[in-house]
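> Here is a sequence with its predicted model. Questions after.
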Amino acid sequence: MSIIYSSGSKGGNGKSMTAAVLADYLIAAGHPVGIVEGDLGQPDIAQRFKDTGVHLIAVNLNRAGASEAAVIKFAEALDGLPRDAQIVVNLPAAAEDTLDAMAALLVEAGKSLGHESYVYYSLGHQRTATEALMRSLRDGLLGAVGPARRCVMYPVFLQPEVARFDFVRSGSREEYLTAGGLEAAMPAIRPESLVDKVLSLPGTFTSLAAPDSALTFGERLFFGRQWLTQAHAAVATLFGAEQQEAVNE
Amino acid sequence: MVDTNLASAVPPRLSGRIAEHVPEIQNARARGVSWSQITAVVGPAIGIDPAAPGAASAIRGAFARAVRQIEKGKLRAGPQGAVSRDTAPTQGAALAQRSPRSLPVAGGKSEEENAAALRAAGIKVAD
């Protein structure tokens, strides 16, 4: 089974959205899913999935100056989740301050519980975001997993043109891809008027795309047929075609 | 009554004063709150006039120093400010001293309020 971290350099880059899409994708594929909500400052994932039947636990992973305590709590949370579950971890924006120094330990803790670790990294479009990503590759979570187990996510709602991300323009992306890293673009929900409605409705995204959801037929057309399909495909980048086929069945 | 505790009579450095607010500032930054907005809220609490030139950058620098000092155990994230090497807490102790408050941002709640809401909703919260 897997522990899949949704990480990133700062808030507002789509970490929670990536985590939510990923959990939704795994649930739709029929996997037992556990969610660790690590962001108590903004526990969107816990709120969204609280009544969906997934195994859910909230842990404050935003603990400046107390990395060890955070890792201990996190390991205890992992230990409390079913061994056969795919575990999605929504990291807080400040996780690099708290957890990155202990990334190898986190990965090791997962392994000892029988889980391989994967990282989705939601990237900002500015230079500071590139620098944070390169730091994570060098010393943090991204570096602690193998190249084929890390995926940079470009949040299209931040910058529609991937070519304009500093990571791409600076040439760092080439280096990253050459080393075997993966990448995907997380689509933006369109039209924008739909965003608030979707974010305010709890439950899985797949259930929101179903005919009996609170979305209108027209809204479901854009949300389910267009956005959700693309979003699932984006997170499937890291997990390959096998799971995608299960989703499509 | 004369305060004979000399240490308490020495005002801590800015990084010491800001240590109490480190978790809440991190939360605010994670939500995209600007340094000038943080300065407006935190500044008066640590004796910085938010309107003074360079106030935001002073707080920003002090925050970065405070985080490093907390990591090294030289500061505790609490109201005590700077401590001597001899009495520097371990990181675990620093956690125990940590201010539980989070900086309220527009429409936001503190971590403690969110944790309570999650518990009320039947979600297990490990703390």
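Thanks, I have it.

> can you list the residues of chain A near chain B?
Applying Cβ under 8 Å from any Cβ of the partner chain, we find that chain A lies next to chain B at A:10-12, A:37, A:39-43, A:46-47, A:50, A:56-60, A:62-69, A:73, A:76-77, A:80, A:92-94, A:97. In short, each C-beta sits where N, CA and C put it, glycine included.

> And A:Gly218, how close does it get to A:Ser112?
Here the criterion is Cβ to Cβ, to the nearest Å. By it, A:Gly218 lies 49 Å from A:Ser112.

> Likewise for A:Leu221?
46 Å.

> and what of A:Leu99?
Note on A:Leu99: its distance to A:Ser112, by Cβ to Cβ, is 17 Å.

> neighbour count winner among these two?
A:Leu99 (26 against 11; other Cβ atoms under 10 Å in any protein chain shown).

> you'd agree the more buried one is up against A:Leu105?
No. Applying Cβ atoms under 8 Å, one finds A:Leu99 not in contact with A:Leu105, separated by 9.1 Å.

> Help me confirm that A:Pro191 is found in a strand?
No. Using DSSP: H, G, I helix; E, B strand; the rest coil, the secondary structure at A:Pro191 is coil, not a strand.

> low pLDDT regions in chain A?
A:64-65, A:94, A:97, A:240-249 (pLDDT under 70).

> for it, what spans make up the helices?
Remark: helices assigned in chain A by DSSP state H are A:15-28, A:44-49, A:67-79, A:95-98, A:103-112, A:127-139, A:141-144, A:166-169, A:172-178, A:193-200, A:205-208, A:217-220, A:229-248.

> Mean neighbour count, these: which tops it?
Stretch with highest mean neighbour count among the helices of chain A: helix A:15-28 (a mean of 27; mean count of other Cβ atoms under 10 Å in any protein chain shown).

> ok, residues contacting that helix?
For helix A:15-28, contacts defined as Cβ atoms under 8 Å, 6 or more residues apart in numbering or on different chains pick out A:4, A:6-8, A:33, A:35, A:39, A:42, A:44-45, A:48-49, A:52, A:54, A:86, A:88-91, A:93, A:120, A:122, A:153, A:155, A:186, A:204-206, A:228, A:231-232, A:234-236, A:243, A:247.

> re the thing from before, got any residues that touch both of A:Leu99 and A:Leu105?
In contact with both A:Leu99 and A:Leu105: A:Val71, using Cβ under 8 Å, 6+ apart.

> ok, the closest residue to A:Leu78 other than its chain neighbours - contacts?
Spatial nearest neighbour of A:Leu78, excluding adjacent residues (Cβ to Cβ, 6 or more residues apart in numbering or on different chains): A:Leu113 at 5.8 Å. For A:Leu113, the contacting residues are A:Leu78, A:Asp79, A:Arg83, by Cβ under 8 Å, 6+ apart.

> Quick check: closest non-adjacent residue to the last one.
Of all residues beyond its chain neighbours, the one nearest A:Arg83 is A:Gly114 (5.9 Å), with distances taken as Cβ to Cβ, 6+ apart.

> Helix or strand next in line after the helix-or-strand element of chain B with minimal mean pLDDT, which one?
Across the helices and strands of chain B, the lowest-confidence element by mean pLDDT, DSSP states H and E is helix B:91-97, at a mean of 32. Next helix or strand after helix B:91-97 toward the C-terminus (DSSP states H and E): helix B:111-120.

> Tell me the buried residues in that next one?
Neighbour-count burial for helix B:111-120 flags B:Glu111, B:Asn114, B:Ala115, B:Ala117, B:Leu118 (criterion: 16 or more other Cβ atoms under 10 Å in any protein chain shown).

> Which parts of chain B are helices?
Counting by DSSP H, the helices of chain B are B:6-9, B:14-19, B:22-30, B:35-42, B:55-72, B:91-97, B:111-120.

> tell me which of the buried residues of helix B:111-120 is nearest to chain A?
Minimum distance to chain A across these is 4.2 Å, recorded for B:Glu111 (Cβ to the nearest Cβ).

> wait, that closest one sits on A:Leu61?
No. Using Cβ under 8 Å as the test, B:Glu111 is too far from A:Leu61 to be in contact (10.8 Å).

> rewinding a little: out of the helices of chain A, which gets nearest to B:Glu20?
Closest approach to B:Glu20 among these is made by helix A:95-98 (16.6 Å; Cβ to Cβ).

> Show me what the closest one is packed against.
helix A:127-139 (3 or more Cβ pairs under 8 Å, 6 or more residues apart in numbering or on different chains; DSSP states H and E).

> One more pass at 7 Å, please.
Packing contacts for helix A:95-98, counted by 3 or more Cβ pairs under 7 Å, 6 or more residues apart in numbering or on different chains; DSSP states H and E, involve no helix or strand.
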